[in-house]
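**Student:** Next one to model:
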Amino acid sequence: MLKVGVIGYGYWGPNIVRNFNRLKSAKVVEVADTNNKALNRVSEIYPAINVTTSADEIITSADTDVIAIVTPVSTHFELAKKALQNGKHIFVEKPFTTTSAQAEELIELADKKNLLIMVDHTFLFTGAVKKIKQLIDDNSLGRLYYYDSMRINLGLFQHDVNVIWDLAVHDLSIMDYLMKEKPVAIGATGKGHVNDREDIAYITVQFSNNVISHFNVNWLSPVKIRMTLIGGEKKMLVWNDLSADEKIRIYDKGIEVSNREGIYDMLVSYRTGDMWAPKVEQLEALQLETEYFVNCVKSGDRPFNDGQAGLRIVKMLEACDRSLKKNGELVSL
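**Tutor:** Numbering: from 1, shown residues only. As a prediction, the model looks like this:
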């Protein structure tokens, strides 16, 4: 039985505790939070779990094998480093760290101590993303042209990060997981209207194989939209994550070029075929992710959303910050 300690019982922490605790091969034994009201909620629901206001108490405890870090990103590095130094596997909320240098140091430390890092990019375990991955990998969409995503809503404003580090981190991790090619450059523009942190941003990602990605993230939208379009040579796909059913629709639409001898002779015809919605797995993504993590710890297998995956996302976020300061100038990755 893997014993889990959880640091942070705010917005996402209760979901982490619930999902680890429901696994047959793991149980949460300790929860730390600086807020006593949060700890009271833990004790009411899980009277057997030890609670404390000291994260160090959990990290140094002989009763924990794994530390789940569910705190603001600014605290991830120090907590994760202490946990690894004390021989604990770590499960860390996204984004992994605030800098790529921190991420690299944690990866090196984990490798030295033969410990696992998993970064909680929960969307990678949703039925929709798994289905899209399958469609790309089996070439159902054909050669990809573009990846276009919109993730907008009213709030919630974060105090320690801008909208890119809060919302676009989801899309960047999904893109990183789905696309076989790795991006070569990134550009970002954005503005802050409440404080000095961007609350609206537009990101463009370029690949060497002519694929282009675009992301629109916004905390000031009157409507909530979670929509992704992926255009391929054979098929095009729309993923509406807010749809109760038919989250994914596949369109047999596209273009066919019959002559490339010269631009004036190029004949473009348009294909408008059927649309269908494939079945998408409905299991809770975090349940699958926590189960996968526990299995990886037990088997020693390296998770695909490991520290290296987290590092790639942090590098893209850092590149976005550099581009923002240069009014959208492309930054090489």
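**Student:** how close does residue 281 get to residue 129?
**Tutor:** Distance of residue 281 to residue 129, computed by CB to CB, to the nearest Å: 10 Å. In this view, the C-beta of every residue, glycine as well, is placed from N, C-alpha and C.
**Student:** With residue 200 instead?
**Tutor:** Plainly put, residue 200 is 25 Å away from residue 129 if you go by CB to CB.
**Student:** Which one's more surrounded, the two?
**Tutor:** Remark: of residue 200 and residue 129, residue 129 carries more neighbours, 23 against 19, as counted by other CB atoms under 10 Å.
**Student:** Please report the distance of the more buried one from residue 222.
**Tutor:** In this view, residue 129 and residue 222 are 27 Å apart by CB to CB.
**Student:** What is the subsequent helix or strand relative to the helix ranked longest in the chain?
**Tutor:** In terms of residue count, the longest helix belonging to the chain (DSSP state H) is helix 307-325. Once helix 307-325 ends, the next helix or strand along the chain (criterion: DSSP states H and E) is strand 331-332.
**Student:** what's in contact with that following strand?
**Tutor:** 184-187, 319-320, 322-323 (CB atoms under 8 Å, 6 or more residues apart in numbering).
**Student:** mean confidence for it?
**Tutor:** Across strand 331-332, pLDDT averages out at 96.
**Student:** Equivalent analysis for stretch 2-18, please.
**Tutor:** Stretch 2-18 shows a mean pLDDT of 97.
**Student:** Can you list the buried residues in that stretch?
**Tutor:** 2-9, 12-18 (16 or more other CB atoms under 10 Å).
**Student:** Just the ones of these in helices?
**Tutor:** Counting by DSSP H, the buried residues of stretch 2-18 place 13-18 in helices.
**Student:** mind giving me JSON lines with those residues and columns for distance to residue 217?
**Tutor:** JSON lines is the format used below for these (distance: CB to CB, whole Å):
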{"residue": "13", "distance to residue 217": "24"}
{"residue": "14", "distance to residue 217": "25"}
{"residue": "15", "distance to residue 217": "22"}
{"residue": "16", "distance to residue 217": "24"}
{"residue": "17", "distance to residue 217": "28"}
{"residue": "18", "distance to residue 217": "28"}
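**Student:** closest to residue 145 among those?
**Tutor:** The closest of these to residue 145 turns out to be residue 15 (CB to CB; 35.8 Å).
**Student:** Tell me who's in contact with the closest one.
**Tutor:** Residues near residue 15 by CB under 8 Å, 6+ apart: residue 286.
**Student:** any idea how far it lies from residue 42?
**Tutor:** Look at residue 15 and residue 42: by CB to CB, they are 13 Å apart.
**Student:** same deal with residue 70?
**Tutor:** Between residue 70 and residue 42 the computed distance is 12 Å (CB to CB).
**Student:** Overlap in contacts, the two.
**Tutor:** By CB under 8 Å, 6+ apart, the residues touching both residue 70 and residue 42 are residue 9.
**Student:** So in that sheet, which strands flank the strand ranked longest in the chain, and in what orientation?
**Tutor:** The longest strand of the chain (DSSP state E) is strand 220-232. Next to strand 220-232 in the sheet, as set by DSSP bridges, lie strand 144-154 (antiparallel), strand 236-240 (antiparallel).
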